[in-house]
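A.B. asks: Here is my input, please return the structure:
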Amino acid sequence: SSGTRSVHLGIAGALAGRRRVGRHLVVSAVEHSSVLHSAAALAAANAEAVTAPVLSTATSVTEPPSAAALRADTALACLQSANHEVGTEQPVAEVAAACRAAGVPLLVDAAQSLAWCPVDAPWSLLTASAHK
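C.D. replies: Below you'll find the predicted structure:
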């Protein structure tokens, strides 16, 4: 019904399915509020949410998550495909490769970009909204 709802369901479903792995979640600092609010709610419910740094322009992640961010108990990493305020594209392919190497699924929030361009990276989950 909305991009927010798809993000909430995607994160909750992925974490429920990977509960035996752990409750560690990695998000970027420039995610849509639906991702950030989900991370905060999960942190309040005994999960650990880590925020990946962004460039000084505050619109793009600096680099793929490091080995320190993606741990053995990381259940999910989240990244938007494009910033919803300024349109900056995120390095989805690089982040997806780092996540795949670490055995961590990547949820890509493509609500702002899927209507305009494909998201070709090897993501694990993709969220979007038909009305966009």
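A.B. asks: Next SSE downstream of the longest strand seen in the chain?
C.D. replies: Secondary structure of the chain per DSSP state E: the longest strand is strand 74-80. Later in the chain than strand 74-80, the nearest helix or strand by DSSP states H and E is helix 92-102.
A.B. asks: counting contacts, what elements does the following helix or strand past that next one pack onto?
C.D. replies: Counting by DSSP H and E, the next helix or strand C-terminal to helix 92-102 is strand 106-109. If contacts are counted by 3 or more C-beta pairs under 8 Å, 6 or more residues apart in numbering; DSSP states H and E, strand 106-109 sits against helix 3-17, strand 74-80, helix 92-102, strand 125-127. All C-beta atoms are positioned from the backbone trio N, CA, C, and that covers glycine.
A.B. asks: Which parts of the first one count as buried, going by neighbours?
C.D. replies: So the one you mean is helix 3-17. Within helix 3-17, the residues that count as buried by 16 or more other C-beta atoms under 10 Å are 3-4, 6-8, 10-11, 14-15.
A.B. asks: Next, the residues that contact the helix or strand following it from outside, please.
C.D. replies: Next along the chain after helix 3-17, taking DSSP H and E as the criterion, comes strand 24-28. Outside of strand 24-28, the residues within contact range by C-beta atoms under 8 Å, 6 or more residues apart in numbering are 11, 15, 35-36, 39, 42, 47-52, 54, 61, 65, 69-71, 73-80, 90, 104.
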